[in-house]
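Colleague: quick one, structure for this:
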Amino acid sequence: MDEPKKIRVTWDEYFGLLKVLIGKIKNSGFKPQQIVCVARGGLIPGEIASRTFRAPLAVISVASYPDQTTQQEEIKFSRDLTSAKPLQRQAVLVVDDLTETGKTLVETVKWLCWWYTIESDQVRTATVWHKNWSAFVPDFYAELIAEDPVTGARPWIIQPQEQFCKSLES
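Modeller: Next up is the predicted model:
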(Lines give C-alpha, C1' and ligand atoms only; values in the text may rest on other atoms or scores of the structure.)
Protein backbone atom coordinates (compact mmCIF):
# COMPACT_ATOMS: atom_id res chain seq x y z
CA MET A 1 0.00 0.00 0.00
CA ASP A 2 1.30 3.46 -0.89
CA GLU A 3 2.14 5.94 1.83
CA PRO A 4 -0.75 8.45 2.07
CA LYS A 5 -0.27 12.01 0.83
CA LYS A 6 0.63 14.24 3.75
CA ILE A 7 -0.84 17.67 4.31
CA ARG A 8 1.43 19.76 6.51
CA VAL A 9 -0.47 22.42 8.43
CA THR A 10 1.20 25.53 9.86
CA TRP A 11 0.25 27.14 13.16
CA ASP A 12 -1.29 30.09 11.27
CA GLU A 13 -3.39 27.73 9.15
CA TYR A 14 -4.38 25.73 12.22
CA PHE A 15 -5.54 28.75 14.20
CA GLY A 16 -7.30 30.08 11.10
CA LEU A 17 -9.26 26.82 10.91
CA LEU A 18 -10.12 27.07 14.61
CA LYS A 19 -11.57 30.54 13.94
CA VAL A 20 -13.67 29.08 11.14
CA LEU A 21 -14.87 26.25 13.38
CA ILE A 22 -15.80 28.56 16.27
CA GLY A 23 -17.56 30.88 13.80
CA LYS A 24 -19.69 28.01 12.46
CA ILE A 25 -20.70 26.98 15.97
CA LYS A 26 -21.59 30.57 16.93
CA ASN A 27 -23.54 31.13 13.70
CA SER A 28 -25.57 27.97 14.29
CA GLY A 29 -27.06 29.36 17.48
CA PHE A 30 -25.83 26.39 19.51
CA LYS A 31 -24.47 27.58 22.86
CA PRO A 32 -22.33 24.89 24.48
CA GLN A 33 -22.66 24.58 28.24
CA GLN A 34 -19.99 21.87 28.43
CA ILE A 35 -16.99 21.13 26.22
CA VAL A 36 -15.68 17.56 26.14
CA CYS A 37 -12.46 17.23 24.22
CA VAL A 38 -11.13 13.95 22.92
CA ALA A 39 -7.48 13.68 23.88
CA ARG A 40 -5.06 14.05 22.28
CA GLY A 41 -6.24 15.59 19.03
CA GLY A 42 -9.11 17.53 20.56
CA LEU A 43 -7.09 19.16 23.36
CA ILE A 44 -6.20 22.41 21.61
CA PRO A 45 -9.55 22.85 19.80
CA GLY A 46 -11.34 21.92 23.04
CA GLU A 47 -9.45 24.51 25.06
CA ILE A 48 -10.19 27.20 22.45
CA ALA A 49 -13.89 26.27 22.47
CA SER A 50 -13.98 26.21 26.28
CA ARG A 51 -12.46 29.68 26.53
CA THR A 52 -14.55 31.13 23.70
CA PHE A 53 -17.89 29.84 24.98
CA ARG A 54 -16.91 30.19 28.66
CA ALA A 55 -17.96 26.59 29.19
CA PRO A 56 -16.26 24.07 31.48
CA LEU A 57 -13.77 21.74 29.83
CA ALA A 58 -13.72 18.00 30.37
CA VAL A 59 -11.25 15.57 28.83
CA ILE A 60 -11.78 11.99 27.70
CA SER A 61 -8.71 10.10 26.61
CA VAL A 62 -9.32 7.88 23.61
CA ALA A 63 -6.72 5.78 21.80
CA SER A 64 -7.17 4.07 18.47
CA TYR A 65 -3.93 4.70 16.56
CA PRO A 66 -1.17 2.64 18.17
CA ASP A 67 2.46 3.64 17.75
CA GLN A 68 1.65 6.74 15.69
CA THR A 69 0.50 4.70 12.68
CA THR A 70 -2.10 5.73 10.13
CA GLN A 71 -4.20 2.59 10.64
CA GLN A 72 -7.03 2.87 13.17
CA GLU A 73 -7.52 -0.11 15.46
CA GLU A 74 -9.74 -0.90 18.46
CA ILE A 75 -10.95 2.17 20.35
CA LYS A 76 -9.92 2.33 24.01
CA PHE A 77 -11.34 4.85 26.49
CA SER A 78 -9.88 6.14 29.70
CA ARG A 79 -11.85 4.97 32.68
CA ASP A 80 -13.24 8.40 33.57
CA LEU A 81 -13.98 11.80 32.16
CA THR A 82 -11.68 14.38 33.77
CA SER A 83 -13.06 17.76 34.77
CA ALA A 84 -12.43 20.22 37.59
CA LYS A 85 -16.11 21.26 37.57
CA PRO A 86 -19.35 19.29 37.76
CA LEU A 87 -20.36 17.93 34.37
CA GLN A 88 -23.13 19.84 32.60
CA ARG A 89 -25.51 17.41 30.91
CA GLN A 90 -27.06 19.73 28.38
CA ALA A 91 -25.66 21.51 25.34
CA VAL A 92 -22.54 19.33 25.33
CA LEU A 93 -20.00 19.90 22.56
CA VAL A 94 -17.62 17.00 21.89
CA VAL A 95 -14.48 18.24 20.14
CA ASP A 96 -11.81 16.27 18.28
CA ASP A 97 -9.26 17.16 15.64
CA LEU A 98 -10.71 15.16 12.74
CA THR A 99 -12.92 12.39 11.48
CA GLU A 100 -11.04 9.62 9.69
CA THR A 101 -13.56 6.80 10.01
CA GLY A 102 -15.90 8.52 12.46
CA LYS A 103 -15.69 5.64 14.95
CA THR A 104 -14.01 7.68 17.66
CA LEU A 105 -16.75 10.33 17.78
CA VAL A 106 -19.58 7.82 17.42
CA GLU A 107 -18.24 5.71 20.29
CA THR A 108 -17.38 8.76 22.42
CA VAL A 109 -20.91 10.14 22.13
CA LYS A 110 -22.39 6.72 22.95
CA TRP A 111 -20.06 6.37 25.93
CA LEU A 112 -20.90 9.84 27.27
CA CYS A 113 -24.64 9.31 26.88
CA TRP A 114 -24.53 5.93 28.58
CA TRP A 115 -21.96 6.53 31.32
CA TYR A 116 -23.03 10.08 32.22
CA THR A 117 -26.75 9.78 31.35
CA ILE A 118 -26.69 12.58 28.80
CA GLU A 119 -29.55 12.67 26.31
CA SER A 120 -28.17 12.27 22.77
CA ASP A 121 -30.13 15.31 21.54
CA GLN A 122 -28.04 17.39 23.98
CA VAL A 123 -24.76 16.46 22.28
CA ARG A 124 -23.15 18.09 19.25
CA THR A 125 -19.81 17.22 17.68
CA ALA A 126 -17.09 19.41 16.19
CA THR A 127 -13.80 18.76 14.40
CA VAL A 128 -11.21 20.87 12.68
CA TRP A 129 -11.14 18.52 9.68
CA HIS A 130 -13.80 16.20 8.30
CA LYS A 131 -12.61 13.59 5.81
CA ASN A 132 -15.31 12.82 3.25
CA TRP A 133 -14.86 9.04 3.51
CA SER A 134 -15.76 9.06 7.20
CA ALA A 135 -18.98 7.21 8.01
CA PHE A 136 -19.79 9.93 10.56
CA VAL A 137 -20.28 13.62 9.76
CA PRO A 138 -19.73 15.94 12.72
CA ASP A 139 -22.27 18.68 13.37
CA PHE A 140 -19.53 21.28 12.84
CA TYR A 141 -16.21 21.16 11.02
CA ALA A 142 -13.86 23.79 9.65
CA GLU A 143 -12.48 22.06 6.56
CA LEU A 144 -13.50 19.16 4.34
CA ILE A 145 -10.70 16.87 3.19
CA ALA A 146 -11.54 14.81 0.11
CA GLU A 147 -10.09 11.68 -1.43
CA ASP A 148 -8.21 12.20 -4.66
CA PRO A 149 -10.93 11.67 -7.31
CA VAL A 150 -8.54 9.90 -9.68
CA THR A 151 -6.37 7.74 -7.43
CA GLY A 152 -8.62 7.47 -4.36
CA ALA A 153 -5.64 8.48 -2.21
CA ARG A 154 -6.61 9.62 1.27
CA PRO A 155 -4.46 12.41 2.71
CA TRP A 156 -2.95 12.27 6.19
CA ILE A 157 -2.80 15.56 8.10
CA ILE A 158 0.42 16.52 9.86
CA GLN A 159 -0.63 19.04 12.49
CA PRO A 160 1.69 21.83 13.67
CA GLN A 161 2.11 20.39 17.16
CA GLU A 162 3.31 17.11 15.64
CA GLN A 163 5.85 18.97 13.51
CA PHE A 164 7.00 20.97 16.54
CA CYS A 165 7.50 17.82 18.62
CA LYS A 166 9.52 16.20 15.82
CA SER A 167 11.81 19.25 15.85
CA LEU A 168 12.46 18.65 19.56
CA GLU A 169 13.55 15.07 18.92
CA SER A 170 16.62 16.19 16.97
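Colleague: looking at the chain, which residue lies furthest from center?
Modeller: Each residue of the chain has a distance to the centre, and by CA atoms, centre = their mean the biggest one is for residue 170: 28.4 Å.
Colleague: gap between that residue and residue 164?
Modeller: As defined by CB to CB, to the nearest Å, residue 170 lies at a distance of 12 Å from residue 164. C-beta: built from backbone N, CA, C; applies to glycine.
Colleague: and residue 40, by the same measure?
Modeller: Distance of residue 40 to residue 164, computed by CB to CB: 14 Å.
Colleague: tell me which of these two has more neighbours.
Modeller: The neighbour comparison of residue 40 against residue 164 (other CB atoms under 10 Å) goes to residue 40, with 16 against 10.
Colleague: what about the strands in this structure?
Modeller: Taking DSSP state E as the test, the strands found in the chain are 6-8, 34-39, 57-63, 76-77, 82-83, 92-99, 123-131, 140-145, 156-158.
Colleague: give me the distance between the two termini of stretch 97-104.
Modeller: 11 Å (CA to CA, to the nearest Å).
Colleague: pull the residues that contact that stretch.
Modeller: 38, 41-42, 45, 62, 64, 72, 75, 96, 105, 127-131, 134-138, 141, 145, 157, 159 (CB atoms under 8 Å, 6 or more residues apart in numbering).
Colleague: list the buried ones in that stretch?
Modeller: Neighbour-count burial for stretch 97-104 flags 97-100, 102-104 (criterion: 16 or more other CB atoms under 10 Å).
Colleague: point to the residue nearest the middle of this structure.
Modeller: Centre-nearest of the chain using CA atoms, centre = their mean is residue 96, 1.1 Å out.
Colleague: that one: what's it in contact with?
Modeller: So residue 96 contacts 37-38, 41-42, 45, 104-105, 108, 125-127, 138 (CB under 8 Å, 6+ apart).
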